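In: Turn this into a structure:
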Amino acid sequence: MDVILHLAVTAMLVLGAVWKAVDLTRAPHDRLLRLLALCLFLLAAGDILGFPEVRDRLMAFAPAGVGKVAFNALYMSGLSTLILFFAASTRSAPADFRRQLRLHTGLLAGVLTTLVISMIATPPALRDHTPSTPYIGQPGIAGFYLVGNAFFIYAYVVSGLWALRYARRASRHLARSLRTMTAGLFGLALTAAGRVALVLLRIDAPGSHSELEAANQVNTDLALGCVLIGIMLFGGVQLATHLRSVLSHRRMHDQLAPLWRALVTAYPELVLHREPARPLWNRLRLRHTHARFYRRLIECRDGLVRLSPYLALAAPDTDLARCGPDRLARHITTALDLKPESEDPHTALPAVRVALPTGNDVSADARALIALSMAFARADHGHSGHPKRRRCPTWGQRRDHVALHGRGTASPPPRRR
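Out: I've put the predicted structure just below:
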């Protein structure tokens, strides 16, 4: 049972390390992401070395005891990095994080130094030891297990406490996964404490108290199971959030299409990056969905800024910034008629505010433009049976027409024929 759980936890850690390494290539300066990726990598590498067969193969040509020290070094470093990840995620003052960094780096260095000294003090023939070996009373061997497990108790408990603190401000599903993982971490701390007690009892009676060892193994299985469930829930929440964001951006990208097509037809230079034609499978991939959505959002906003002088002519007495989407869509249709086929590059056209969002974030801007795009699609569908409407040949002619007839800032929009 413990081997199956060990394999499952190792597989989840490897998948998590690969996933966060890919994310790190896109945001290499994100400190939290760097710490999380490093933590998962170290824990995964330590778990892989935790299998005796793997450790023996990798360390076949290394001196006796190196594999055992390497396993502990990787796993302890991973737990220390996990503590630093939680400490950094609390958004505390930089001085607090630096204090945590110094504390846990120094503690880890001291423990690893003690483990190396203990291994060197152990005769080479005895370095391949376990807690069940008859010579557990050797100072180097006993010290190795007592110091190592004392660190594990500390690291598991502190990691669990940080995880609980992080869970208080996390979403409901993420908090549930963190609490489940915390239960597993506390269980592993109890297991480490059991190993300390077992070593102390066996110093004078090697091989005794097998019932304590069996109970400790059962507790290890339960704790690893909780950690595995917590990791799976955590990964599931992250994956579901990512997929939901991708699908939402893909839907909004398509909803902006009616307005975007009209604006880029009038202003082809708005397109920031023309992508080559791609097969259907490539278009269905999740990659670059966010970038395509944000690019289309920017192009729509830039197009409205370019069209806004003609919108002011089409609706001189309208507050275009707060105009309803249906009404503004009709004005856009008229303004596109007013736009000349070619504009004088030396003519400065006054821009006005159009379709201001209700908030200051990107989501509010997207909602405003999507509502306008949907209204424009309805208006365009309603006018699809009409012949092509005439355009003013130049901005100058339109401006002169306004001046000659003295109709304020603009004359009424042209009537349909």
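In: Can you give the domain ranges for the protein?
Out: According to automatic domain parsing, the chain comprises the domains 2-245, 256-273+289-405.
In: Please render these as TSV that adds mean neighbour count to the earlier fields.
Out: C-betas here are computed from N, CA, C, even on glycine. Formatted as TSV, these follow (neighbours: other Cβ atoms under 10 Å):
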stretch	mean neighbour count
domain 2-245	17
domain 256-273+289-405	16
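In: Least reliable of those by average pLDDT, please.
Out: Sorting these by mean pLDDT places domain 256-273+289-405 lowest, at a mean of 80.
In: who touches G67 in this structure?
Out: Taking Cβ atoms under 8 Å, 6 or more residues apart in numbering, we find G67 in contact with L49, R55, D56, L58, M59.
In: could I get the residues you listed as TSV with secondary structure?
Out: TSV is the format used below for the contacts of G67 (DSSP: H, G, I helix; E, B strand; the rest coil):
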residue	secondary structure
L49	helix
R55	helix
D56	helix
L58	helix
M59	coil
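In: just those residues now: which is nearest Y310?
Out: Relative to Y310, the closest of those is L49; by Cβ to Cβ it sits at 68.7 Å.
In: Nearest residue to the closest one in space, please, no chain neighbours.
Out: F71 (4.2 Å; Cβ to Cβ, 6 or more residues apart in numbering).
In: ok, now W162?
Out: F86 (3.3 Å).
In: how far away is that neighbour from T182?
Out: Distance, F86 to T182, by Cβ to Cβ, to the nearest Å: 11 Å.
In: anything in contact with each of the two?
Out: Going by Cβ under 8 Å, 6+ apart, residues that sit against F86 and also against T182 are A163.
In: what's the residue nearest to W162 sitting at in phi/psi?
Out: Dihedral angles of F86 (phi, psi; degrees, to the nearest 10) stand at phi -60, psi -40.
In: what residues are up against it?
Out: S159, W162, A163, R165, Y166.
In: Against T334, how distant is the third one?
Out: The spacing between A163 and T334, counted by Cβ to Cβ, is 59 Å.
In: Next: the fourth one.
Out: For R165, the distance to T334 (Cβ to Cβ) stands at 58 Å.
In: Could you do the first one as well?
Out: Using Cβ to Cβ, one obtains 63 Å as the distance from S159 to T334.
In: so what's L84 up against?
Out: Neighbours of L84 in contact, by Cβ under 8 Å, 6+ apart: L35, F97, Q100, L101, H104.
In: And for the third one, nearest residue in space, chain neighbours not counted?
Out: This means Q100. A87 (4.3 Å).
In: Check the first one too.
Out: On the basis of Cβ to Cβ, 6+ apart, the spatially nearest residue to L35 that is not a chain neighbour turns out to be F85, at 4.2 Å.
In: Contacts only, for the one you found.
Out: So F85 contacts L32, L35, L36, C39 (Cβ under 8 Å, 6+ apart).
In: could you redo the last one with a cut-off of 10 Å?
Out: With contact set as Cβ atoms under 10 Å, 6 or more residues apart in numbering, F85 has these partners: 31-40, 159, 162-163, 166.
In: And S92, by the same measure?
Out: R99, Q100.
In: repeat for A257
Out: R296, C300, S373, A377.
In: downstream neighbour of the helix or strand the second one falls within in the secondary structure list?
Out: If I follow you right, that is C300. If you go by DSSP states H and E, C300 is part of helix 289-314. Next helix or strand after helix 289-314 toward the C-terminus (DSSP H and E): helix 325-338.
In: which helices and strands sit right next to that following helix?
Out: Under the contact definition 3 or more Cβ pairs under 10 Å, 6 or more residues apart in numbering; DSSP states H and E, helix 325-338 sits against helix 257-266, helix 289-314, helix 362-382.
In: redo that, cut-off 7 Å
Out: Using 3 or more Cβ pairs under 7 Å, 6 or more residues apart in numbering; DSSP states H and E, the elements in contact with helix 325-338 are helix 289-314, helix 362-382.
In: so T114 makes contact with Y145?
Out: No. Assessed by Cβ atoms under 7 Å, T114 is found out of contact with Y145, at 11.5 Å.
In: Relative to A21, how far out is the closest residue to M232 other than its chain neighbours?
Out: Using Cβ to Cβ, 6+ apart and skipping the chain neighbours, the partner closest in space to M232 is M12 (6.6 Å). Going from M12 to A21 by Cβ to Cβ gives 15 Å.
In: Report the secondary structure state of T358.
Out: Per three-state DSSP, T358 ends up coil.
In: what's the nearest residue to it if we skip its chain neighbours?
Out: Closest to T358 by Cβ to Cβ, 6+ apart is A364, at 5.5 Å.
In: my guess is that neighbour meets A355, correct?
Out: No. Contact criterion Cβ under 7 Å: A364 and A355 do not qualify, at 11.0 Å.
In: coming back round to it: which of the three states applies to the residue nearest to L35?
Out: Applying three-state DSSP: F85 is helix.
In: So that it lines up with my notes, have the first residue be 19 from now on.
Out: From this message on, residue numbering opens at 19, which makes the last subject F103.
In: re earlier: P70 is in contact with the residue nearest to L67, correct?
Out: No. Using Cβ under 7 Å, F89 is not in contact with P70, being 9.8 Å away.
In: on that earlier part again, make CSV out of the helices and strands packed on helix 343-356 and add distance to G253.
Out: Below are the helices and strands packed on helix 343-356 laid out as CSV (distance: least, Cβ to Cβ, whole Å):
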stretch, distance to G253
helix 307-332, 20
helix 380-400, 26
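In: which stretch among the ones you listed comes nearest A82?
Out: Nearest to A82, of the helices and strands packed on helix 343-356 and by Cβ to Cβ, is helix 307-332 at 52.0 Å.
In: Direction-wise, compare the host helix or strand of E229 with helix 380-400 and give the angle.
Out: Using DSSP H and E, E229 sits within helix 228-273. Counting by axes from the mean of the first three to the mean of the last three Cα atoms, to 10 degrees, helix 228-273 lies at 40 degrees to helix 380-400.
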